[in-house]
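*Asks:* Sequence below, structure please.
(chains A and B)
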Protein chains: 2
Amino acid sequence: MFLAPQEQLEIIKHGTVDFISESDMLKKLQKSFDNKKPLNIKLGADPNRPDIHIGHTVVINKLKVLQDLGHHIQFLIGDFTALIGDPTGKNTTRPILTREEINQNAKTYSDQIFKILDPNKTQIVYNSEWLLKFSSIDFIKLAAQYTVARMLERDDFTNRYKAGIPISIHEFLYPLCQGYDSVALKSDLELGGTDQKFNLLVGRDLQSHYGQAPQCILTMPILEGLDGVNKMSKSLDNYIGVNESPKDMFGKTMRVSDELMFRYYELLTDMKPSDIAVLKTKHPREVKVQLAKFLVTRFHSAAAAQAAEDEFNRIFVDKGLPDQIDDFLVETNQPLTIVQLLVKTQSSQSNGEAQRLVSGGGVSLNQQKVSDPKMIIQLKVGEEVILKAGKKKFFRIKAKP
Amino acid sequence: MFLAPQEQLEIIKHGTVDFISESDMLKKLQKSFDNKKPLNIKLGADPNRPDIHIGHTVVINKLKVLQDLGHHIQFLIGDFTALIGDPTGKNTTRPILTREEINQNAKTYSDQIFKILDPNKTQIVYNSEWLLKFSSIDFIKLAAQYTVARMLERDDFTNRYKAGIPISIHEFLYPLCQGYDSVALKSDLELGGTDQKFNLLVGRDLQSHYGQAPQCILTMPILEGLDGVNKMSKSLDNYIGVNESPKDMFGKTMRVSDELMFRYYELLTDMKPSDIAVLKTKHPREVKVQLAKFLVTRFHSAAAAQAAEDEFNRIFVDKGLPDQIDDFLVETNQPLTIVQLLVKTQSSQSNGEAQRLVSGGGVSLNQQKVSDPKMIIQLKVGEEVILKAGKKKFFRIKAKP
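*Replies:* Down below sits the predicted model:
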């Protein structure tokens, strides 16, 4: 049923950042192998943010690897804290979720992860199941298992404490709740991004306090966003959502830098380093198309990937548009004439020069030549047009969100 | 029914260290006066340590003053934490108390405080009544009301954190529980020793968060123990217990220094500073007898006070013993001859000198002349004898506890 423990270990540790610890994990794998009993693998998710992007899939891919190795996947929805909301009442952007909203978000979540994981082999669990039953005494006993000094060692707490930014005491309780989830689930291994390392370790400690063998922990790298600088996140608008259309998924992938493209190959595919090295000898555009098709295939289908490529070629390649076009953001409530837009994008040095460029037929929007210098451009959020000025200047004009 | 608010305020604030704040208190007193409704006055007690000493009575006397002014006294037994014990399991000296033990301790407590307070006008309350009903959500909401930084400002937390001495997170929850008690009781004023100031202020803050008018707080000075240096405490064996016999209470009082005696007058009696000034012009021994009789009268009776004085005179004054005799501690498991004892107490310079002193009739124990230099002295815990060596050297020989 299971592969040999050492063989499993090699597969599991591939691409990880932290793995605490290999020797403990090997023992667990050996025991699982001997008893023909799968290990409990935990991944926690926040039901406040149900939309996942390909950055999240780095960890989910690893979960899939463990599922394929025959282990038991427990996908935990951290609904307990969501049911409480922000108890300080200060954060109005994080309202209390109703049971229905949480279920809806959990559904959204599972629809997305089941593009990778096998739904028949994945257990979805909610931590409200055990944490809502906690009495005041249970809570005090839980809080007694950890010290203030160790909690303050968590990076974000350290920074806030030093900077004099308030930390409410209940924020110390949340990592303990999260850690207790591992006790409740009897987790053998918990996965997370590198930014989750501290919380995963709390689970390890608490299991020891509650008389269980501590779980192993495994962290995966954080994926950079489309800008190649910041971590991929919705709030920075540098992400590719798992639920995005094939067209957007393909187009966004085509716009990443060559360097970032190889990073995505490393973290989002299961290609070996040697195969990726071969890709580096090929023409970058070809390799990027391959990545874009891979992603669309994974989250939609091979047919959708081919259609997206054809559409992309029709719009960009056949019309002589470059793959990478810089964004230029405009206000939604401030219409601009084409002349003003040319000046603002510094495509033209002056209104006069811009007018001459339009009159001379050197300006187009979405491949349509513009003839009227007084033409008004006004975009709604989510809309975009490709501005071509002269022969070599291209801008993707987008409304500011 | 009530005195004028301003008049009450002057009486209440007499002898206090912190009073936060007089103006708020005046408003509360005015409202109480106008509505003919007494204020809720809170004092909390730890059921783990039911034996109280006269140091505790400094605050209880103030409670009596408030009771006599017509206000409602709520004497809170903090049994919630006692029911939990030490959740870290590290402190074996603080076991979990059963409901019966807590009730027994509460009884011991009330027997003692009712030597000062009127039992018919004192409400005894237990915080387990509301805190045991707390759900996990209630607890998180409570913890959200206070920040880590503010909690770390409490002196003992600051010192331990700086010294690297572990503080368990649940220790942050206890001041919040104690503060919530003020919410549950709708306290108007909470009393405590100066060392309780931080905790009393937490109650004030929490009441605001829970939509109540914040309680006023009042702290009383900490009484020095018989040594005149450390705070009075059982563990330092420098205390006079409220439940001690008239003889011990009288004897211990007679042994305090003249300086400390006036401090006790200030903190334990309701004498005015002008009257205490008059006492300072009198002979100290006479003034000390007066204090000793005052204390015995308060905790026993006037008759017991007179009997204690007579007994004291019979033993000490009539037999020419000084009031103040230094203690000398001996091991319980190590018998000494009278000669060895004389040398150890440095009453004699050598065994030979000690033997000559005994032979010459210059040594007595409890006023009985000792004639045998080989006489053995061995004491059990709690026993003591007065050793007289020569005409001027006296020691109270006691067994080490």
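*Asks:* where's A:Lys28 relative to A:Arg204, distance?
*Replies:* In this structure, A:Lys28 and A:Arg204 are 13 Å apart, going by Cβ to Cβ, to the nearest Å. Any C-beta I mention is one placed from the backbone N, CA and C, and that applies to glycine too.
*Asks:* Repeat that for A:Leu26.
*Replies:* 17 Å.
*Asks:* More neighbours: which of these two?
*Replies:* Shown here are A:Leu26 and A:Arg204; by other Cβ atoms under 10 Å in any protein chain shown, A:Arg204 has more neighbours (20 against 15).
*Asks:* wouldn't that one be in contact with A:Ala213 here?
*Replies:* No: the criterion here is Cβ atoms under 8 Å, and A:Arg204 misses it with A:Ala213 at 9.8 Å.
*Asks:* Which residues are in contact with the residue in the stretch 151-300 of chain A that chain B sits nearest to?
*Replies:* Nearest residue of the stretch 151-300 of chain A to chain B (Cβ to the nearest Cβ) works out as A:His170 at 3.8 Å. When the contact criterion is Cβ atoms under 8 Å, 6 or more residues apart in numbering or on different chains, the partners of A:His170 are A:87-88, B:140-141, B:143-144.
*Asks:* Filter those residues down to the buried ones, PyMOL style.
*Replies:* Of the contacts of A:His170, the buried ones go into a single PyMOL selection, burial set by 16 or more other Cβ atoms under 10 Å in any protein chain shown:
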select buried, (chain A and resi 87+88) or (chain B and resi 140+141+143+144)
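*Asks:* Lowest pLDDT pick from the contacts of A:His170?
*Replies:* Ranked by pLDDT, these bottom out at A:Thr88, which has 66.
*Asks:* For the stretch 301-401 of chain A, give me the ranges with low pLDDT.
*Replies:* By pLDDT under 70, the weakly predicted segments of the stretch 301-401 of chain A are A:320, A:323.
*Asks:* ok, now the stretch 51-200 of chain A?
*Replies:* The model of the stretch 51-200 of chain A has pLDDT under 70 over residues A:85-86, A:88-95.
*Asks:* interface residues of it facing chain B?
*Replies:* The stretch 51-200 of chain A has residues A:80, A:83-84, A:86-88, A:131-149, A:151-152, A:157, A:161, A:164, A:166-173, A:176 near chain B, with proximity defined as Cβ under 8 Å from any Cβ of the partner chain.
*Asks:* if we go to 6 Å?
*Replies:* Neighbours of chain B within the stretch 51-200 of chain A, by Cβ under 6 Å from any Cβ of the partner chain: A:84, A:87-88, A:131, A:134, A:136-137, A:139-141, A:143-144, A:146-148, A:166-170, A:172-173.
*Asks:* Roughly how far does A:Asp51 sit from A:Glu101?
*Replies:* Here A:Asp51 is placed at a distance of 14 Å from A:Glu101 (Cβ to Cβ).
*Asks:* ugh, wrong one, A:Ser187
*Replies:* According to Cβ to Cβ, A:Ser187 stands 27 Å off from A:Glu101.
*Asks:* between the two, which one's more packed in?
*Replies:* Neighbours were tallied for A:Ser187 and for A:Glu101 using other Cβ under 10 Å; the higher tally belongs to A:Ser187 (27 against 16).
*Asks:* host element of that one?
*Replies:* Assigned by DSSP states H and E, A:Ser187 belongs to neither a helix nor a strand.
*Asks:* check contacts around it.
*Replies:* If you count contacts by Cβ atoms under 6 Å, 6 or more residues apart in numbering or on different chains, A:Ser187 has them with A:40, A:42, A:215.
*Asks:* count of residues packed around A:Ser23?
*Replies:* When neighbours are counted by other Cβ under 10 Å, A:Ser23 registers 9.
*Asks:* hmm, I was thinking of A:Asp237
*Replies:* Look at A:Asp237: counted by other Cβ under 10 Å, it has 12 neighbours.
*Asks:* Torsion angles phi and psi at it?
*Replies:* Backbone dihedrals for A:Asp237, given as degrees, to the nearest 10, come out at phi 50, psi 40.
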